[in-house]
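*Asks:* Show me the folded form of this:
(2 chains)
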Protein chains: 2
Amino acid sequence: MRARDLLADFPVVGLDSPVIDVARLLADQDLPGLIVIGDDGTPFTILPGTQVLRLAVPGYCVDDPALARVVDEAHADAFLRALDGRTVRDALPEQPRELPVTDPGATVLELAALMARTRSPLVAVVDDGRLLGAVTLQALLDRMLAA
Amino acid sequence: MRARDLLADFPVVGLDSPVIDVARLLADQDLPGLIVIGDDGTPFTILPGTQVLRLAVPGYCVDDPALARVVDEAHADAFLRALDGRTVRDALPEQPRELPVTDPGATVLELAALMARTRSPLVAVVDDGRLLGAVTLQALLDRMLAA
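*Replies:* The predicted structure follows:
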C-alpha cells in the first residue's frame, strides 16, 4: 500500500485567505488540518488544526500561559472577532523545517513516521510539484487496521 | 465561556492497554487523540493522534526518513502486526514538558493558546486531580464560531 492508494482530494486555502474563513472551513468540515497553497500554486505549508488555531491566537498568549490567564472572560470570548481581515499570510508563524509532504510512492510506514515526526495528522502528496491530494491519519489508520 | 462549558466525556486508556487496541479506538471513534490514565487514576499524559501513531512506528523510522524509505512495501504494510502485546507503557516516548491539561475555569483563549502551544487538538480538564472530561479543538471552534 502506497500514498497513492490512500490519498483523497482535500480542501486548500491560499495565503490571502482570511484567517476567520480558514477557521470556519476547518470547523465546518471537521478537518484534521489544511493545505496552504503558495503564490506558485504548490503547497506552501501544511497546517495541522492546532496550528490553524495558532493563526488566530495572539502570540503572547501562545508563548506565556500567565498572560493568557489575565485576559478576562468577555475579552477571551471575543478574540476571534479581533481577526477582522487578517489573512493567512499576515498570521503565519515561522515555518517548521520539515513539512508533512511526500510523494505518491511513500509506504504506510513512511506516512506514519512522517505524521509522528511532524505532528501533523495530514500529509500532502505531491508529484513533480503538483498537489495530488492528502492522506489523513484517519484514512491511514482505517486502512492499516482493516488489512 | 469556560472549559467547564465546553468539556465532554472522553474515552481514556491505561498504561497497560495494548497499543493495537489504542490505535483501533482512535480510528473507530475518529478521535483527535487519547487521554492516558496513570496508575493513580489521574491523567498521566495526553496523546494527540499523531503521537498515538508514534507508539506504533519503530523509533528509527520516526527519527530518520531515509531508514523508513528502505523498508519494502510488504514489510511496511505489516508494521502494525509487529506490535503484538506491546502496551502503552512499553511504547511511550519521553513525555513533553507541558501537558495539555487545564482546570474548569480556563477561558476559550487559554484553551486555544494551550492547544496551539502543545500542538494537541485535545485538552484534558482536571479539578483537584480528578479528570472531568476533555475539550476538543472541534468543540472549541464550533462554539467560538457560533458565538
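*Asks:* wait, what's in contact with A:Asp127?
*Replies:* By Cβ atoms under 8 Å, 6 or more residues apart in numbering or on different chains, the contact set of A:Asp127 is A:Asp103, A:Pro104. Glycine gets a C-beta too; all of them are placed from N, C-alpha and C.
*Asks:* again, only this time at 10 Å
*Replies:* A:Ala3, A:Arg4, A:Asp103, A:Pro104, A:Gly105 (Cβ atoms under 10 Å, 6 or more residues apart in numbering or on different chains).
*Asks:* Can you list the low-confidence ranges for chain A?
*Replies:* A:96, A:147 (pLDDT under 70).
*Asks:* tell me the SS of A:Asp39?
*Replies:* coil (DSSP: H, G, I helix; E, B strand; the rest coil).
*Asks:* Of all pairs in the contacts of A:Asp127, which one spans the longest distance?
*Replies:* A:Arg4 and A:Asp103 (8.8 Å; Cβ to Cβ).
*Asks:* Now list whatever residues contact both of the two.
*Replies:* Contacts common to A:Arg4 and A:Asp103, judged by Cβ under 10 Å, 6+ apart, are A:Val125, A:Asp127, A:Leu132.
*Asks:* so where does the last one fall, helix or strand?
*Replies:* Here A:Leu132 is covered by strand A:130-136, with elements defined by DSSP states H and E.
*Asks:* Touching, A:Ala113 and A:Ser120? I think so.
*Replies:* No - using Cβ atoms under 10 Å, A:Ala113 makes no contact with A:Ser120, being 11.8 Å away.
*Asks:* Next, name the residue at the spatial heart of chain A.
*Replies:* A:Leu47 (2.0 Å; Cα atoms, centre = their mean).
*Asks:* Show the backbone phi and psi for it.
*Replies:* phi -110, psi 110 (degrees, to the nearest 10).
*Asks:* correct me, but it touches A:Leu34?
*Replies:* Yes - contact criterion Cβ under 10 Å: A:Leu47 and A:Leu34 qualify, at 5.1 Å.
*Asks:* Give the intersection of the neighbour lists for those two.
*Replies:* What both A:Leu47 and A:Leu34 touch, as defined by Cβ under 10 Å, 6+ apart, is the set A:Val13, A:Val22, A:Leu26, A:Val88, A:Leu122.
*Asks:* Who does the last one form a beta bridge with?
*Replies:* Which is A:Leu122. On the basis of DSSP bridges, A:Leu122 is bridged to A:Thr136.
*Asks:* Can you give me the neighbour number for it?
*Replies:* 24 (other Cβ atoms under 10 Å in any protein chain shown).
*Asks:* ok, which stretches of chain A are helices?
*Replies:* A:3-6, A:19-28, A:49-56, A:59-63, A:65-70, A:73-77, A:88-91, A:108-118, A:137-146 (DSSP state H).
*Asks:* same for the second one, what does it pack against?
*Replies:* Okay, so that is helix A:19-28. Counting contacts by 3 or more Cβ pairs under 10 Å, 6 or more residues apart in numbering or on different chains; DSSP states H and E, helix A:19-28 packs against strand A:12-14, strand A:33-37, helix A:49-56, helix A:88-91, helix B:137-146.
*Asks:* I'm done for today, thanks for sticking with me.
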